[in-house]
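Colleague: what would the 3D arrangement of this be:
(chains A and B)
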Amino acid sequence: AGAVAGRAQAATGELEPNSFEDIASYNNYYEFGTGKNDPAANAGALDTSDWKIEIDGMVDRPGSYSLNDLTEGLTEEERIYRFRCVEAWSMVVPWNGFELADLLAKAGVQEGARYVAFETVVQPENMPGVKRNVIPFPYVEGLRLDEALHPLTLMATGIYGKPMPNQNGAPIRLVVPWKYGFKSIKSIVRISLVTDEPPTTWNKLNAREYGFYSNVNPQVSHPRWSQASERVIGGGLFAKRQDTLMFNGYEEDVAALYDGMDLAKNY
Amino acid sequence: MIDALNTTLRKVPAWITYLVAPLPAAFWLWQGATGASGPEPIKALEHSLGEFALQLLIAGLAITPLRKWAGLNLLKFRRAVGVVAFFYVLLHFLTWLVLDMSLLWGQLLGDIVKRPYITIGFIGFVLLIPLAVTSNTLSVRRLGARWRKLHKLVYPAVLLGGLHWVWLAKGWQAEPLFYMGAILGILALRVIPKPRKRAVTA
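Modeller: Numbering: from 1, shown residues only, chains lettered A, B, ... in the order given. Below is the predicted model of the structure:
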């Protein structure tokens, strides 16, 4: 596992991270509104005190864990990852966090578990987007178990060494750098180990446009826009578009997960 | 009240519209250049220009019903509002073409043909071109009755513009739907016959 992570680190060595301000002011977090600056404007109301994560399903040690319980003994590291939104924009984010695999090891994944399902907190009184029901809540996402256990898959608790800003998914969120950003679910309150592919929010809303896998793939267009190139956030008025990389540049690390799969069909 | 407003408006020359028109665009460009519109100034500019263009198209279409139903006479501003609306659609299109798409011809031509929301936005823009070209007094005179017919193209154009926004949004978002409702409402007002004035009794 260390070797793979090491390689990924090396590959991201030349990446120039976005500023903290960029990362914390341009967000999709529909619970706080659909505009890009709505989350930064509204997420101050998110209550992250006494945060609990329910771990259930096919695990040896199910239960309601506090953030401290979960992260205790795990090695926190900085991972500088490309972040590619399905809307064809991208950033580079220096996350702080630990591997999801280590967290799952704490809970003890049972034989037979094949998928991991995640759920975002719902605080209607603090979330204007939830009150307006812009999409169905709670927001849910999922990964295949091998994707979840991959050493690149991170549970992030901070950015630039600072605690995770609320608008970025405080206090703890998923980061799957080779998938479109909406897979990297924010403000997680539940993690379930299950046997069947779990429902995921955007897939339920529009399966033709948002697949369960949603791996970054410049060859497979979103039905309404091309995914061949992306606009890099923070480049100013005259920044050129940049070519999108297969698996967002992590092809060497993750392509093997999808050996033999038709990626145009399993988009 | 309306009469007083009409009297005041009679004193305001229509060319004022052209003087004021570039100010929002200049403001948004300045915001983009200074970082005041956030870390993605291109999308912000593109969106502001497109939304304002739609507002101007709706405003232009509101002039006739406002006169018919409220007695407010803004008729002399209608041409200027229409011309300015066209220029904002053009600026919106150019921002997409040059700043957003970096003139990647292969990808952007493909997008115009294959992406329905881009296709209909582009068609809406193309429909407005003959209207902008014939917005001068000479054309109005030369074309006569055909001018009125030609300028009915603004109806499909504004519908396509509204749909363009509804379609590009992720999920059903409130703002584009609100505009679509406004467009449908304002077009419906043209179909409804004006109520007969009742005889005023003392």
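
Colleague: in chain B, what residue comes closest to chain A?
Modeller: Nearest residue of chain B to chain A: B:Pro39, at 3.9 Å (CB to the nearest CB). (Each C-beta comes from the backbone N, C-alpha and C, glycine too.)

Colleague: confirm for me that that residue is in contact with A:Ser25.
Modeller: Yes. With contact defined as CB atoms under 8 Å, B:Pro39 reaches A:Ser25; the gap is 6.1 Å.

Colleague: more neighbours, these two?
Modeller: Shown here are B:Pro39 and A:Ser25; by other CB atoms under 10 Å in any protein chain shown, B:Pro39 has more neighbours (23 against 19).

Colleague: the helix or strand A:Glu141 falls within packs against which elements?
Modeller: According to DSSP states H and E, A:Glu141 maps onto strand A:140-144. Packing partners of strand A:140-144 (3 or more CB pairs under 8 Å, 6 or more residues apart in numbering or on different chains; DSSP states H and E): strand A:115-120.

Colleague: who does the strand it packs on pair up with?
Modeller: When sheet partners are counted by DSSP bridges, strand A:115-120 sits next to strand A:140-144 (antiparallel), strand A:188-194 (antiparallel).

Colleague: could you report the pLDDT at B:Gln173?
Modeller: You'll see B:Gln173 listed with a pLDDT of 85.

Colleague: quick one: it and A:Val134 touch, right?
Modeller: Yes. With contacts counted by CB under 8 Å, B:Gln173 reaches A:Val134, the gap being 6.9 Å.

Colleague: out of the strands paired with strand A:115-120, which one sits most buried?
Modeller: Of all those, strand A:140-144 carries the top mean neighbour count, a mean of 22, counting by mean count of other CB atoms under 10 Å in any protein chain shown.

Colleague: which helix or strand lies directly C-terminal to it?
Modeller: helix A:145-148.

Colleague: flag every residue of chain B that's near chain A.
Modeller: Contacts of chain B with chain A, taken as CB under 8 Å from any CB of the partner chain, map to B:29, B:32-33, B:35, B:38-43, B:45, B:99-102, B:104, B:107, B:110-111, B:114-118, B:167-174.

Colleague: in the longest helix along chain B, what counts as buried?
Modeller: The longest helix of chain B (DSSP state H) is helix B:41-65. For helix B:41-65, a neighbour-count test (16 or more other CB atoms under 10 Å in any protein chain shown) marks B:41-54, B:56-63, B:65 as buried.

Colleague: do stretch B:154-174 as well
Modeller: B:154, B:157-165, B:167-168, B:170, B:173.

Colleague: and stretch A:64-77, by the same measure?
Modeller: Within stretch A:64-77, the residues that count as buried by 16+ other CB under 10 Å are A:Tyr65, A:Leu70, A:Thr71.
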